[in-house]
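Undergrad: this is a predicted model, with the sequence first.
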Amino acid sequence: MTEDTVLETRHLVAGYERREVLHGVDLRVAHGEMIALIGPNGSGKSTLIRALSGVLPPMTGEVILHGRPLASYPRSHIARQIAVVPQMSSILFAFSALEFVLMGRTPHLGRLRSESAHDRRVAADAMRDTDTTHLGDRPVTELSGGELQRLIIARSLAQQAPIMLLDEPTAFLDINHQVQILRLLNSLNTEQDKTIVAVSHDLNLTAAFFDNIVLLSDGRIVAQGPPQEIITAERIEQVYGAEVLVDRTPSGRPRITVPSPATRRQQR
Amino acid sequence: MNSRAAVLTVILLLAAVFVAALSATHGTSGMSARQALHVIWALASGQQVDDLGSQDVTIVRDIRLPRLLLAMMVGACLAIAGVVMQAFFQNPMAAPSIIGVSAGGALGATAAIMLGFQFWLWRLSSVTVSAFVGALGVTAIVYLLSRRGGRTPVGVLLLTGIAVGAMASAMSSLLLITYGHGQMDRVVYWMLGSLAAADWARVQMIWPFALFGCAFVYLYGRDLNVLLLGDEQAHYLGLNVEQVKLVLITLSSLLAAAAVAVSGIIGFVGLIVPHITRLIVGPDHRWLLPTAGLAGAVLLAFADLGARLCHEIPIGIITAMLGGPFFLYLIHKRRAYDL
């Protein structure tokens, strides 16, 4: 089992200048796993992704990639191993969609080499998989939030890294594209053996698409396991402080519904 | 292949030849364009030039030619320094002066003039040398004061540049009013930017920067593209962000400092040339850098020709007078700036 571990944190404490966000996180990500990170706002999900990617150095503890501290690798090596889809950011410069996706090839290119036919093919495949091929020449400054989000995912696919970290990859998408992206992650995981860690805010979609869920609360991992164990009414109330109903979908996955005000009145 | 960049390059190359011909043959000396062409032809083909009139030869060879070359190299250096700064700050409104290059250069030049530094270094005057040292020194201070635990956040850099730049300007003003008797107009003239003092020594000073500096920046074309996405995403794409930033800020300040040292402060070129070029060729630096450099060279050569023919008014006045309205037009026309 230990040989399989590709990325892990050991007693990770991380945060920002005056604020410690993660207070000792031990997470082990094995090769080929697909893990969802859930938890209330401010529980440290994004901080954990940033620490795993190396952009945020640990205060204490370690992040280990393939058995060695992350900081001991050159940046471009990490970028060939780990692709990150950050939360949406605005872009002020009018690169075309294709140029933008091609930037995912950066860690594979030397300073003097320009993109080869192979790089263009990789970018084209990534755009096909994310349903963004038609955006080709459009400037990224003119795209909708959802289009840009899919393009960022395409860029991370073009990186061809075996590990993908995603911070709310479906946050700005409509239900169709949400499902499409999650299906894509699923097939990348099963068919291309990609290791995936994704922050998710939609508990129902998480329960439907992930078999391994990590629940964070106040900078600590409070539970990890399959959706049936993690997404229960008691735990959601305890961690999120929200009163919810949890039943099962026809396929046996937990499903959360929020009692409408009318139901609550009847219960009283 | 970027066809708009290719077309622009051809147009700019033709414009460069055109402005070079105009600059070499026109001036206020009373020499005819025909005579100037004779001199150029004689010089270029290595013929004896004794019978052409020594004054005319001197004007073409030692005044017009170095001045033209200087204008073009200063323009290219300022434009490329501007391109780098705009990528660095992820902001199309940035310019080299933002990190204190101009204020530092002005302080160096003012100190040299006011305190009467009397030295020459490789045939360069104390004013030129001090301006170069001042420009680089203030930039280095801005950079070092902006370090935060191994990082240089662009917001901190921007504000530090404003604060340190203001202090440098205040010191220049203090020197000016304390020692200003009789030397005030020299300083003012320098601050407005001028190529009137162009000579071969200045050309020799700036050409290594113009050639190697710009070539070096070009090697970082892809890094500059990735930097436009922001520090964090650049990091995710494998860039060693802090290292690249240090290289780029060093190159950009060297280019701008060399330009400031030989010509004083020529405003707007480092802001407007990258900006307009980017509107035409797009943000890919592998096209933007060469076209912006060429555009800066051509623009400054035209502006300096104008300055020469209009009683030597400082070139900084011309670039600002023309650049300002054009910039206003762009701001007005493009909704993208209403952020």
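TA: Perfect, I can see it now.
Undergrad: other residues contacting the longest helix along chain A?
TA: Using DSSP state H to define each element, chain A has its longest helix at helix A:175-191. Helix A:175-191 is contacted from outside by A:32, A:34, A:129-131, A:146, A:150, A:153, A:157, A:164, A:166, A:169-170, A:173, A:194-196, A:198, A:202, A:205, A:208-209, using CB atoms under 8 Å, 6 or more residues apart in numbering or on different chains. For every residue, glycine as well, the C-beta is placed using N, CA and C.
Undergrad: B:Arg278 and B:Gly82 touch, don't they?
TA: No: B:Arg278 is beyond contact range of B:Gly82, at 10.3 Å (criterion: CB atoms under 8 Å).
Undergrad: those two: which has the busier surroundings?
TA: In this view B:Arg278 and B:Gly82 are compared by other CB atoms under 10 Å in any protein chain shown, and B:Gly82 has more residues nearby, 29 against 21.
Undergrad: please name the nearest non-neighbouring residue to B:Ile313.
TA: Leaving aside its chain neighbours, B:Ile313 sits nearest to B:Ala307 (5.7 Å; criterion: CB to CB, 6 or more residues apart in numbering or on different chains).
Undergrad: is it correct that that neighbour is in contact with B:Ser194?
TA: Yes: in this structure, B:Ala307 is within contact of B:Ser194 by CB under 8 Å, at 7.2 Å.
Undergrad: count of residues packed around the residue nearest to B:Ile313?
TA: Neighbours of B:Ala307 using other CB under 10 Å come to 24.
Undergrad: what residues does it make contact with?
TA: Here B:Ala307 is in contact with B:194-196, B:313-315, B:318 (criterion: CB under 8 Å, 6+ apart).
Undergrad: per-residue pLDDT, it?
TA: Note on B:Ala307: pLDDT of 86.
Undergrad: helices - which of the contacts of helix A:175-191 land there?
TA: Judged by DSSP H, the subset of the contacts of helix A:175-191 located in helices is A:129, A:146, A:150, A:153, A:157, A:205, A:208-209.
Undergrad: what's the farthest-apart pair in these?
TA: The distance between the two most remote of the ones in helices among the contacts of helix A:175-191 (CB to CB) is 22.0 Å, for A:Leu157 and A:Ala208.
Undergrad: more neighbours: the two, which one.
TA: Using other CB under 10 Å, the more surrounded residue of A:Leu157 and A:Ala208 is A:Leu157, with 26 against 16.
Undergrad: wait, doesn't that one sit right on A:Gly104?
TA: Yes: using CB under 8 Å, A:Leu157 is in contact with A:Gly104, at 7.1 Å.
Undergrad: mind listing the shared neighbours of those two?
TA: Contacts common to A:Leu157 and A:Gly104, judged by CB under 8 Å, 6+ apart, are A:83, A:126.
Undergrad: quick one: low-confidence ranges for the chain?
TA: Chain wasn't specified; assuming chain A. Confidence mapping of chain A against pLDDT under 70 gives the ranges A:1-3, A:264-265, A:267-268.
Undergrad: should've been chain B
TA: B:1, B:48-53, B:121, B:123-124, B:334-339.
Undergrad: got the contact list for whichever residue of chain B sits closest to chain A?
TA: Taking CB to the nearest CB, chain A has its nearest neighbour within chain B at B:Gly238, 2.9 Å off. By CB under 8 Å, 6+ apart, the contact list for B:Gly238 reads A:75-80, A:106-107.
Undergrad: cool, and A:Leu157?
TA: Neighbours of A:Leu157 in contact, by CB under 8 Å, 6+ apart: A:83, A:104, A:125-126, A:129-130, A:188.
Undergrad: what residue lies at the spatial centre of chain B?
TA: In chain B, the residue lying closest to the centroid (CA atoms, centre = their mean) is B:Leu78, at 2.7 Å.
Undergrad: where along the stretch 1-150 of chain B do the strands fall?
TA: Taking DSSP state E, counting those that start in this stretch as the criterion, the stretch 1-150 of chain B carries its strands at B:120-121, B:124-125.
Undergrad: cool, and chain A?
TA: A:5-16, A:19-30, A:34-38, A:60-65, A:68-69, A:82-85, A:163-167, A:195-199, A:212-217, A:220-225, A:245-248, A:254-257 (DSSP state E).
Undergrad: and the second one, what's buried?
TA: Buried residues in strand A:19-30, counting neighbours by 16 or more other CB atoms under 10 Å in any protein chain shown, are found at A:21-25, A:27-30.
Undergrad: could you list the paired strands of it along with their orientation?
TA: strand A:5-16 (antiparallel) (DSSP bridges).
Undergrad: quick one, the partner strand and strand A:220-225 angle?
TA: 150 degrees (axes from the mean of the first three to the mean of the last three CA atoms, to 10 degrees).
Undergrad: residue 77: how many residues sit nearby?
TA: I went with chain A, as the question did not name one. A:His77 has 13 neighbouring residues, counting by other CB under 10 Å.
Undergrad: other chain: chain B
TA: By other CB under 10 Å, neighbour count at B:Cys77 equals 32.
Undergrad: OK, contacts around it?
TA: Contacts of B:Cys77 by CB under 8 Å, 6+ apart are B:206, B:209-210, B:213-214, B:255-256, B:258-259, B:296.
Undergrad: that older thread, just put the contacts of A:Leu157 in TSV and tack on neighbour count.
TA: Formatted as TSV, these follow (neighbours: other CB atoms under 10 Å in any protein chain shown):
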residue	neighbour count
A:Ala83	26
A:Gly104	26
A:Asp125	16
A:Ala126	24
A:Asp129	18
A:Thr130	24
A:Leu188	17
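Undergrad: any idea which of those is closest to A:Asp247?
TA: Nearest to A:Asp247 out of these is A:Leu188 (CB to CB; 30.0 Å).
Undergrad: what's across from the residue nearest the centre of chain A in the sheet?
TA: By CA atoms, centre = their mean, chain A has its centre lying nearest to A:Leu166, at 2.0 Å. Taking DSSP bridges as the rule, A:Leu166 bridges to A:Val85, A:Ala198.
Undergrad: show me what contacts it?
TA: By CB under 8 Å, 6+ apart, the contact set of A:Leu166 is A:49, A:84-85, A:153, A:156, A:185, A:196-199.
Undergrad: same thing with B:Ala111?
TA: B:117, B:130, B:134, B:172, B:175.
Undergrad: just A:Ala124 next, same as before
TA: A:Ala124 sits next to A:Thr133 when contact means CB under 8 Å, 6+ apart.
Undergrad: how far away is the nearest residue to A:Ala233 once chain neighbours are set aside from A:Met34?
TA: Leaving aside its chain neighbours, A:Ala233 sits nearest to A:Val246 (4.5 Å; criterion: CB to CB, 6+ apart). Computed with CB to CB, to the nearest Å, the distance linking A:Val246 and A:Met34 is 22 Å.
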